[in-house]
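*Asks:* Requesting a structural model of the entry that follows:
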Amino acid sequence: MSDLGAVWLDDNRCRFRVWAPVSDEVKLHITSRE
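*Replies:* Numbering: from 1, shown residues only. Model prediction:
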């Protein structure tokens, strides 16, 4: 799976894909680019 992690789609959006087949939850901490 080479497309894991964050991928910028345009100036205001990104996609974040994880692979965690045995996890019940995934936490993502989002910070500002500034």
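
*Asks:* CA atoms for contacts and neighbours, from now on please.
*Replies:* Will do.

*Asks:* Any figure for the gap between residue 12 and residue 32?
*Replies:* To residue 32, residue 12 is 11 Å away according to C-alpha to C-alpha, to the nearest Å.

*Asks:* do residue 14 as well
*Replies:* Taking C-alpha to C-alpha, one finds residue 14 at 13 Å from residue 32.

*Asks:* Please identify which of the two sits among more neighbours.
*Replies:* residue 14 (12 against 4; other C-alpha atoms under 10 Å).

*Asks:* What residues are bridge-paired with the more buried one?
*Replies:* residue 8 (DSSP bridges).

*Asks:* Might you report the residue contacts of the residue positioned nearest the centre of the chain?
*Replies:* Centroid check for the chain by C-alpha atoms, centre = their mean gives residue 16 as the closest residue, at 2.1 Å. By C-alpha atoms under 8 Å, 6 or more residues apart in numbering, the contact set of residue 16 is 4, 5, 6, 7.

*Asks:* surely residue 8 meets residue 17?
*Replies:* No - using C-alpha atoms under 8 Å as the test, residue 8 is too far from residue 17 to be in contact (11.6 Å).

*Asks:* how about the helices in this protein?
*Replies:* Applying DSSP state H to the chain gives no helices.

*Asks:* low-confidence ranges in it?
*Replies:* 1, 33-34 (pLDDT under 70).

*Asks:* For it, just list every one of the strands.
*Replies:* Secondary structure of the chain (DSSP state E): strands at 5-10, 13-17.

*Asks:* Export those strands as TSV, with columns for distance to residue 28.
*Replies:* Listed next are these as TSV, based on distance: least, C-alpha to C-alpha, whole Å:
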stretch	distance to residue 28
strand 5-10	11
strand 13-17	9
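
*Asks:* Report the contact partners of residue 10.
*Replies:* Contacts of residue 10 by C-alpha under 8 Å, 6+ apart: none found.

*Asks:* And it, how close does it get to residue 4?
*Replies:* Shown here: residue 10 relative to residue 4, a distance of 18 Å by C-alpha to C-alpha.
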